[in-house]
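Novice: the following comprises the amino acid sequence and a computationally predicted model.
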Amino acid sequence: MPDLSGVLIKKGRHTGRPLHKSKRAGIPHIVRDPYIKSPLIPPSFKVGTEDGIFSLSFTNTKHEHAARSFLEQYLADDLSRAKDLAYRYLGLRARSRKELTAYLVKKEFAPDIVSEVMAVMESYGYVDDRKFAAMFARHLVGTKGLSRYAVRQELRRKGVTDEDAALAILALDSEEDADTEYEVALRVARNKAAGLAGIPPEKARRRLTDYLRRRGYSFGVVSGVLREVL
């Protein structure tokens, strides 16, 4: 059953801002949704905001139950929409907890809806930062040729904890037939160098150095790679 504890429900004339004039900032998703202005809303109660709180007021006591039922159904529908969007978002690729939370917040769902959706996704194992970190780290090294340092930074930006990031790096290093960091740097440098043919040596060296440094490789690794590639 949806929680109505954060809703101001009272008998009497609605003294707050009408729904369509409510400010966007800090107001729950239910207030901003255009469907709330449906003609199905009984004329005996009004929905809007009062002192920044989502409010519902009714002039006829016998309609209080109908008003509450409407809100419960609407909030339940809002939760269903949030879950559906979450499933679709996760269907594109794996996401961290921070990513999915930010996505739902951007879609302007209320905090309690976001929290409930996150709890459901985590209970099903669809959101698992430890598994996400391991998979994303392999992707960053395998397709983008990033250094271990750069991988940690990217994972941190995704909201992954330092502990989970460290485990992901450890898993990379313990994989059978996994390339060392130097070998990864050498591979990406050779690919890049192929496109620098015909460029003056010093200019090619600067470009390749910058390219490797942007991927997080140390000067020691970069120097060794340059000696082999150029």
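Specialist: Noted; the coordinates are in hand.
Novice: only C-alpha atoms from now on, for both contacts and neighbour counts.
Specialist: Will do.
Novice: tell me which helix or strand residue 170 sits in.
Specialist: helix 162-174 (DSSP states H and E).
Novice: buried set for that helix?
Specialist: Within helix 162-174, the residues that qualify as buried are 164, 165, 166, 168, 169, 171, 172, counting by 16 or more other CA atoms under 10 Å.
Novice: which outside residues touch that helix?
Specialist: 129-130, 133-135, 137-138, 148, 152, 155-156, 178, 180 (CA atoms under 8 Å, 6 or more residues apart in numbering).
Novice: between those residues, which has the most around it?
Specialist: residue 133 (29 neighbours; other CA atoms under 10 Å).
Novice: the helices in the protein, which residues?
Specialist: 29-32, 64-92, 97-106, 111-123, 129-144, 148-157, 162-174, 181-193, 201-214, 219-229 (DSSP state H).
Novice: for the protein, what helix or strand is lowest in average pLDDT?
Specialist: Across the helices and strands of the chain, mean pLDDT, DSSP states H and E gives its lowest value to helix 29-32, namely a mean of 36.
Novice: show me where the chain dips below the pLDDT cut-off.
Specialist: Across the chain, the ranges flagged by pLDDT under 70 are 1-76, 176.
Novice: redo that, cut-off 50
Specialist: Where the chain drops to pLDDT under 50, the residues are 1-45, 47-50, 52-54.
Novice: quick revisit: could you dump the buried residues of helix 162-174 into TSV with distance to residue 201 added?
Specialist: Output for these, formatted as TSV (distance: CA to CA, whole Å):
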residue	distance to residue 201
164	42
165	38
166	38
168	38
169	35
171	38
172	34
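Novice: for residue 87, what are its contacts?
Specialist: Taking CA under 8 Å, 6+ apart as the test, residue 87 contacts no residue whatsoever.
Novice: just residue 190 next, same as before
Specialist: Counted by CA under 8 Å, 6+ apart, residue 190 has contacts residue 229.
Novice: ok, now how distant is it from residue 219?
Specialist: Per CA to CA, to the nearest Å, residue 190 is found 17 Å from residue 219.
Novice: and if you look at residue 141?
Specialist: Residue 141 is 18 Å from residue 219, by CA to CA.
Novice: neighbour count: these two, which is higher?
Specialist: Neighbour count, other CA under 10 Å: between residue 141 and residue 219, residue 141 has more, with 20 against 12.
Novice: which phi and psi does the nearest residue to residue 181 once chain neighbours are set aside have?
Specialist: Closest residue in space to residue 181, ignoring its immediate chain neighbours: residue 147 at 6.3 Å, by CA to CA, 6 or more residues apart in numbering. Per-residue torsions, residue 147: phi -80, psi 170 (degrees, to the nearest 10).
Novice: where's residue 147 relative to residue 136, distance?
Specialist: 13 Å.
Novice: over to residue 151?
Specialist: For residue 151, the distance to residue 136 - CA to CA - is 9 Å.
Novice: same check on residue 82?
Specialist: 25 Å.
Novice: and for residue 170?
Specialist: From residue 170 to residue 136 the distance is 13 Å (CA to CA).
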